[in-house]
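>>> need a 3D model of the sequence below.
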Amino acid sequence: MAVLTEEQTMLRDMAREWADNESPVAAFRRMRDEKHAEGYDADAWKAQAEMGWAGVLIPEEFGGVGMGHLSLGLVVEQLGRNLAATPLSATSAAASAILLGGSDAQKTEWLPRIASGELVATVAFGEGPSFDPAKVATTAGDGGITGAKAFVAEGDGAGLFVVSATDGVYLVPDGAGVTRSHRALVDARSHAEVRFDGAAAELLSADPKLAGQVTDRAAALAAAEMLGLAEAAFGITNDYLKTRVQFGQLLSSFQALQHRMAKMFTELELMRSAVEGALEAIDANRSDVDQAVSLAKAIAGDTAKLVSREMVQLHGGIGMTDEHDAGFFLKRSAVLEAMWGNAAWHRERFARLNGY
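Now for the predicted structure:
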């Protein structure tokens, strides 16, 4: 478990308090039922930006607070506990791309707008039904950028796209030549297929390593959200077992169920260690960031899947209904597990990075 500074502890506690008071799971349910075009509550996003969360990664000289990925992960984790629909992770991943590969002019142009919450940005890399960053057919030239990106998170409302092409990574503002098609996934969040047909684009970097670095940062944030989701699912299930009476006894008194809860608890502790370790590796710019992220994403995917499924099963019949929140955790877990490479993909990558 990471040792937090006083500032990080305050940030985590503030995020937890805000999420519990202003963005409980009921707020997500309301957003889903109201079918917001952007896939999130704009007022809630404004409030998050005003608290400085959109600029956690961004240095002070560009309007942010420059606290790093571990600090951002703490915020994302707390929002994940309540399934808060927010473009924070997608926008932060796009900001990290600009920080890693952008020129001073590009940073000056885009980062202050991202830090203020004025601009929602996202990363558009995937081109197929399953994650494979090596398969890129999008091309760029004098006529603009052309290609299609599948399942772009926050693609419905983003004003700036970080797009991978055959010769590098580009910045593509929303405008002529950009077409979005909403993709309705089970988590009721914003996902879109985004097509570029000669759209205006600016080269961010031709470094072949940049796409992988951005992918690692996006995957680490997805793992942080899964950590919060899994912790909340475990807590809700634990409380239910302590109050639900069956056959004249509390469910928590049955040893078989105690063993299942104990297994989940130990897996959650391992998950926290791996996720926080990956975020710390990114902040330290360690040489093994790719390995740390793949380890974290693989463990996070397996554990979130385990806990969310057990949540549904241990709640019995009520857990299968839309009236109960259990299904929300299961569905969001399934989508996050697939984003930026599922557990199997990251296990294979981890093995390959270690020479196997």
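>>> what about E61, how many residues close to it?
Residues contacting E61 under the criterion other Cβ atoms under 10 Å number 11. C-beta here means a position set from N, CA and C on the backbone, and glycine is covered the same way.
>>> relative to A115, how far out is it?
Remark: distance between E61 and A115 (Cβ to Cβ, to the nearest Å) = 10 Å.
>>> these two touch, right, P87 and L119?
No: using Cβ atoms under 8 Å, P87 is not in contact with L119; the gap is 10.1 Å.
>>> settle it for me: which of the two has more neighbours?
Between P87 and L119, P87 has the larger neighbour count (other Cβ under 10 Å), namely 27 against 20.
>>> give me every residue that touches that one.
E38, Y40, W45, V120, T122, E154, G157, A158, S190 (Cβ atoms under 8 Å, 6 or more residues apart in numbering).
>>> which of those lies closest to S96?
Closest approach between these and S96, by Cβ to Cβ: T122, at 11.9 Å.
>>> now do the SS call for the closest one.
strand (DSSP: H, G, I helix; E, B strand; the rest coil).
>>> and it, bridged to which residues?
Beta-bridge pairing for T122 (DSSP bridges): F161.
>>> count the neighbours of it for me.
27.
>>> and for the one 4 residues further on?
Applying other Cβ under 10 Å, we find 22 residues neighbouring G126.
>>> can you tell me the SS state at it?
Going by three-state DSSP: G126 is coil.
>>> what does L83 give?
coil.
>>> what sits against it?
Taking Cβ under 8 Å, 6+ apart as the test, what L83 contacts is V25, F28, L229, D325, F328, F329, R332.
>>> and it, how far from A19?
Distance of L83 to A19, given as Cβ to Cβ: 10 Å.
>>> then L111?
Plainly put, L111 is 25 Å away from A19 if you go by Cβ to Cβ.
>>> can you give me the helices for the stretch 51-200 of the chain?
When assigned using DSSP state H, counting those that start in this stretch, the helices of the stretch 51-200 of the chain occupy the ranges 69-81, 88-101, 104-115.
>>> need those in a markdown table with mean neighbour count, mean pLDDT and distance to V172, can you?
Shown next, in a markdown table, are these (neighbours: other Cβ atoms under 10 Å; pLDDT from 0 to 100; distance: least, Cβ to Cβ, whole Å):
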| stretch | mean neighbour count | mean pLDDT | distance to V172 |
| --- | --- | --- | --- |
| helix 69-81 | 27 | 98 | 24 |
| helix 88-101 | 25 | 98 | 11 |
| helix 104-115 | 18 | 98 | 12 |
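>>> nearest to A219, out of those?
That would be helix 88-101 among the helices of the stretch 51-200 of the chain, by Cβ to Cβ, at 9.1 Å.
>>> just want the angle from that closest one to helix 104-115.
170 degrees (axes from the mean of the first three to the mean of the last three Cα atoms, to 10 degrees).
>>> with only the CA atoms kept, save helix 88-101 in PDB.
Output in PDB follows, covering the C-alpha atoms of helix 88-101 (Å, rounded to 0.1, in the frame of the first residue of the first chain):
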ATOM      1  CA  LEU A  88     -12.000  12.700 -15.700                       C
ATOM      2  CA  SER A  89     -10.000   9.600 -16.600                       C
ATOM      3  CA  ALA A  90     -10.400  10.100 -20.400                       C
ATOM      4  CA  THR A  91      -9.500  13.800 -20.200                       C
ATOM      5  CA  SER A  92      -6.500  13.100 -17.900                       C
ATOM      6  CA  ALA A  93      -5.200  10.400 -20.300                       C
ATOM      7  CA  ALA A  94      -5.400  12.900 -23.200                       C
ATOM      8  CA  ALA A  95      -3.600  15.500 -21.000                       C
ATOM      9  CA  SER A  96      -0.800  13.000 -20.300                       C
ATOM     10  CA  ALA A  97      -0.300  12.500 -24.000                       C
ATOM     11  CA  ILE A  98       0.100  16.200 -24.500                       C
ATOM     12  CA  LEU A  99       2.500  16.400 -21.500                       C
ATOM     13  CA  LEU A 100       4.600  13.500 -22.800                       C
ATOM     14  CA  GLY A 101       4.700  14.400 -26.500                       C
END
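>>> how far does it sit from its chain's centre?
12 Å (Cα atoms, centre = their mean, to the nearest Å).
>>> what is A148 paired to in the beta sheet?
Applying DSSP bridges, one finds that A148 bridges with R195.
>>> for it, list the residues it contacts.
Contact partners of A148, counting by Cβ under 8 Å, 6+ apart, are E127, T138, E193, V194, R195, F196.
>>> can you count the residues close to E280?
Using other Cβ under 10 Å, E280 has 18 other residues around it.
>>> ok, it touching L70?
Yes: E280 is in contact with L70 according to Cβ under 8 Å; the separation is 5.6 Å.
>>> and for the two, which residues touch both?
Counting by Cβ under 8 Å, 6+ apart, the residues touching both E280 and L70 are A2.
>>> before we move on, back to that, ok, the contacts of L83 vs V3, which is closest?
Distances from V3 to the contacts of L83, taken by Cβ to Cβ, are shortest for L229, at 23.7 Å.
>>> and the nearest residue to the closest one once chain neighbours are set aside, how close does it get to T86?
Leaving aside its chain neighbours, L229 sits nearest to G80 (4.6 Å; criterion: Cβ to Cβ, 6 or more residues apart in numbering). Using Cβ to Cβ, one obtains 10 Å as the distance from G80 to T86.
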